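Chemist: pasting the structure only:
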């Protein structure tokens, strides 16, 4: 631990206001998502707690019928926008992080394999990656989502929606991990410590996992952070288009879709607050990723 | 005495870091007169290059000159702004860098680069500039200068490229040239030619040259004046004959003593004993529990017959359309039990490829390798496991041969754990013992490779190689990335190991004096072929092939030793 606090990366962090701000914002948002049940005023997923009479209450004003006040107002169903954002943030972050983890595992495995083994294995994996890159990733995700939805029985669809989202975004995102890991593996493979391990007689799998993997992880960390922002946006986009999280379990994207219907009828708060939350989250994570890339790249220092 | 063209007075460079101010150059002063070559010598990190960079205004921020003055032709230049420094750089002061590949732009022809520089500095017309450029190429002895004028840098060999760089440096008719390790990347034969050229041009054009180098042989051959630097300070300076003949400072003395001599074989390498960095090495303890029961019956441990390696140069789906480059061509030799066999040759001669084939890192394309009576070419991975325990390798680059993400303890333990030579609880103590034996402090166990210097890393490599108690050790240029003082320590460790443990070694090097000290027999390689194999002393005294003779002639020599001096060295 002292090694970490003494490291150049931590020093670069301490002296960068942008990095500190974006980390603080990210951590705050993650914490409020994790502790949503504790800090939310209502549970928006529980239909019993909703009162339709509370619908369309503007922020900070008393409702015309019930007299109740809501910090950020309510939507058409009478759901408290503040609570829905917290719960929506939960789903957005969960889907984003899980999808990136899935993409990372697939990408690292295929990247290591194609970089270390080479030959036909490499050709097949990297050509498949090239083909996938010719489609916009959101299109790939929608395709996977559509197929997966088609094969799940109707009664499970809403339950499965989150997992299908993770699968769709994860599968559409592995390519960049695989490419970066392959490139780094090619560099590491030619170094003498790998030759030394081969000379000892270690198996290719042991060399890949024990020797090469730890040395290619820092670029992976950078892409993972930047991908996280993209995955959150991808989830929001899919949900906005109506192919993502269902209205009963709204994510930030679902909230924005619901809100945009009311924008021109004067109920701006239903759209504005979830959209701002998404913007702040994506921006903070992205800035963090950018900073991490610069901090870990010795050539830019 | 003529007036100096360049004077450096009490120059200090500082780099502010997180842990206080670091002074890579401190109070350095020297003069350069027209036509004079000043060698600046010292170990890596001694501040030699940093001084040169400070003079030409190429310090990377945050490094900056905090004290001292630089005078060029009676004008003070250290306080000029960026624009003023830029004018001087490449104008009155020209530069020659180590790597001729990166100092030329690959997208322009050699001629275009020369003409551009000439026009920029001398303001000549295009045709005049071209005439001048061709004359310059001719002057640096590039054959067919007129035709080669239109060629691109990649069409030139390393030595030719460095000549072009020299021509480029001369374009602006400079009064001073800073040459930073100009021949380090070149082979011995080409090194000699390039150094001669620099010497000749300095005299002819009355240019002062600062020659930064770590090689005492280069100093002896080329320079008029020498400045010896140690940890940012000048420890001694004077004329070359004075410094080499009668050094006064202890560091200079040990630096000169540490240079391996080709003339005579010594029992041990003299070490640089300055700054108290010589670490003890307790080989005797290691020998006590070394398993020596396995000696081969025939006396020959390794037999190589017709070894061949081809690399694919141009791939194609049809085998008949593929083009190959033969890196090792029908090489045969044998190594006796307990012998140190040397392989020498210039870069690209295939010596490292031979080593990697013996280590089973490259597949063999032809020929056989027999180890202790067993043919290992064509063995399955499982059968090879037993062979791998017996053979280990020490690599050239100590910075890439250790996994940066593994602790030193884990690195040395890996072969033990993999071959299951010891039980889990025994591995730790054995690793600590090995580290101790190669002269590393006990706290090395938990540290990571980046916390060690090049020489210490090479010790870790040796500890790892010794872990499985191998019989055969391959050393591929084990010291060519190290300073001369560290080189002596590492070579002494290897020598002791060989003597006390009865190790058989394949020692690969391009450095002939080192080979003379280390090896019993030597093979000379050239373009993939083995030209000559001889006993070491016979090879040095009566070389059979003309190529070996050529190599021996080109070897930079420190001085001709008298009979008495040889006798002194022996004791």
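Modeler: Perfect, I can see it now. As the structure is a prediction and not an experimental result, all values here were calculated from the model.
Chemist: low-scoring pLDDT stretches of the chain, where are they?
Modeler: In the absence of a named chain, this looks at chain A. A:1-6, A:67, A:297-301 (pLDDT under 70).
Chemist: was after chain B, sorry
Modeler: The model of chain B has pLDDT under 70 over residues B:1, B:100, B:263-268, B:270-298, B:556-571.
Chemist: looking at it, which residue lies furthest from center?
Modeler: residue B:125 (42.8 Å; Cα atoms, centre = their mean).
Chemist: Can you report how many residues lie near residue B:112?
Modeler: Neighbourhood size, residue B:112 [other Cβ atoms under 10 Å in any protein chain shown]: 16. Where C-beta positions appear, they are placed from N, C-alpha and C, glycine not excepted.
Chemist: and it, what element?
Modeler: Using DSSP states H and E, residue B:112 sits within helix B:110-122.
Chemist: Strands of the stretch 401-550 of chain B, start to end?
Modeler: All strands of the stretch 401-550 of chain B, identified by DSSP state E, counting those that start in this stretch, fall at B:472-476, B:504-509, B:521-526, B:529-535.
Chemist: In CSV, list these along with distance to chain A and mean neighbour count.
Modeler: Compiled in CSV, the strands of the stretch 401-550 of chain B are given as follows (distance: least, Cβ to the nearest Cβ, whole Å; neighbours: other Cβ atoms under 10 Å in any protein chain shown):
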stretch, distance to chain A, mean neighbour count
strand B:472-476, 9, 24
strand B:504-509, 13, 25
strand B:521-526, 20, 23
strand B:529-535, 23, 18
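Chemist: Please convert these to JSON lines, extending it with distance to residue A:280.
Modeler: Below are the strands of the stretch 401-550 of chain B laid out as JSON lines (distance: least, Cβ to Cβ, whole Å):
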{"stretch": "strand B:472-476", "distance to residue A:280": "56"}
{"stretch": "strand B:504-509", "distance to residue A:280": "60"}
{"stretch": "strand B:521-526", "distance to residue A:280": "65"}
{"stretch": "strand B:529-535", "distance to residue A:280": "69"}
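Chemist: quick one: contacts of the helix holding residue B:112?
Modeler: B:90-91, B:104-105, B:108, B:124, B:126, B:129-130, B:132-134, B:136-137, B:148-153, B:156, B:164, B:167-168, B:171-173 (Cβ atoms under 8 Å, 6 or more residues apart in numbering or on different chains).
Chemist: what's the answer for stretch A:220-233, then?
Modeler: Residues contacting stretch A:220-233 (Cβ under 8 Å, 6+ apart): A:92-93, A:95-97, A:99-100, A:103-104, A:107-108, A:169, A:173, A:176-177, A:180-181, A:252, A:278, A:281-283, A:285-286, A:288-290, A:292-293, A:296.
Chemist: And those, which of them are buried?
Modeler: Buried subset of the contacts of stretch A:220-233 (neighbour count, 16 or more other Cβ atoms under 10 Å in any protein chain shown): A:92-93, A:95-97, A:99-100, A:103-104, A:107-108, A:169, A:173, A:176-177, A:180-181, A:252, A:278, A:281-282, A:285-286, A:288-290, A:292-293, A:296.
Chemist: Where does the residue of the stretch 1-150 of chain A found nearest chain B sit: helix, strand or coil?
Modeler: At 6.2 Å from chain B, residue A:11 is the closest residue in the stretch 1-150 of chain A, using Cβ to the nearest Cβ. Residue A:11 falls in the helix class when you classify it by DSSP: H, G, I helix; E, B strand; the rest coil.
Chemist: Could you do residue B:306 as well?
Modeler: strand.
Chemist: name the element the closest residue to it other than its chain neighbours belongs to?
Modeler: In this structure, residue B:306 finds its nearest non-sequential neighbour in residue B:367, 3.6 Å apart by Cβ to Cβ, 6 or more residues apart in numbering or on different chains. Using DSSP H and E, residue B:367 sits within strand B:366-371.
Chemist: how far out from the middle of the chain is that strand?
Modeler: In terms of Cα atoms, centre = their mean, to the nearest Å, the centre of strand B:366-371 is set 31 Å apart from its chain centre.
Chemist: Straight-line length of stretch A:183-195, end to end?
Modeler: By Cα to Cα, to the nearest Å, the extent of stretch A:183-195 from end to end equals 18 Å.
Chemist: Could you list the buried residues of that stretch?
Modeler: For stretch A:183-195, a neighbour-count test (16+ other Cβ under 10 Å) marks A:184-186, A:188-189, A:191-195 as buried.
Chemist: Could you list which of the residues you listed belong to helices?
Modeler: A:184-186, A:188-189, A:192-195 (DSSP state H).
Chemist: Distance to residue A:267 added to these, as JSON lines?
Modeler: Shown next, in JSON lines, are these (distance: Cβ to Cβ, whole Å):
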{"residue": "A:184", "distance to residue A:267": "50"}
{"residue": "A:185", "distance to residue A:267": "53"}
{"residue": "A:186", "distance to residue A:267": "55"}
{"residue": "A:188", "distance to residue A:267": "56"}
{"residue": "A:189", "distance to residue A:267": "59"}
{"residue": "A:192", "distance to residue A:267": "66"}
{"residue": "A:193", "distance to residue A:267": "62"}
{"residue": "A:194", "distance to residue A:267": "61"}
{"residue": "A:195", "distance to residue A:267": "67"}
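Chemist: Just want the residue of the stretch 101-250 of chain B that's nearest chain A.
Modeler: Closest residue of the stretch 101-250 of chain B to chain A, Cβ to the nearest Cβ: residue B:102 (15.0 Å).
Chemist: excluding its backbone neighbours, what's nearest the residue most central in space within chain B?
Modeler: Geometric centre of chain B, nearest residue: residue B:480, 4.0 Å, by Cα atoms, centre = their mean. Once flanking residues are discounted, residue B:480 sits nearest to residue B:396: 6.0 Å by Cβ to Cβ, 6+ apart.
Chemist: is it true that residue B:124 lies in a helix?
Modeler: No. Under three-state DSSP, residue B:124 sits outside any helix and is assigned coil.
Chemist: Would you check that it makes contact with residue B:133?
Modeler: No. If you go by Cβ atoms under 8 Å, residue B:124 and residue B:133 don't touch, sitting 9.8 Å apart.
Chemist: Those two - which one has more neighbours?
Modeler: Legend: neighbour count by other Cβ under 10 Å for residue B:124 and residue B:133, higher for residue B:133 (26 against 16).
Chemist: helix or strand for that one, which one?
Modeler: Using DSSP H and E, residue B:133 falls in helix B:126-139.
Chemist: continuing past that helix, what's the next helix or strand?
Modeler: Criterion used, DSSP H and E; the element after helix B:126-139 is helix B:145-148.
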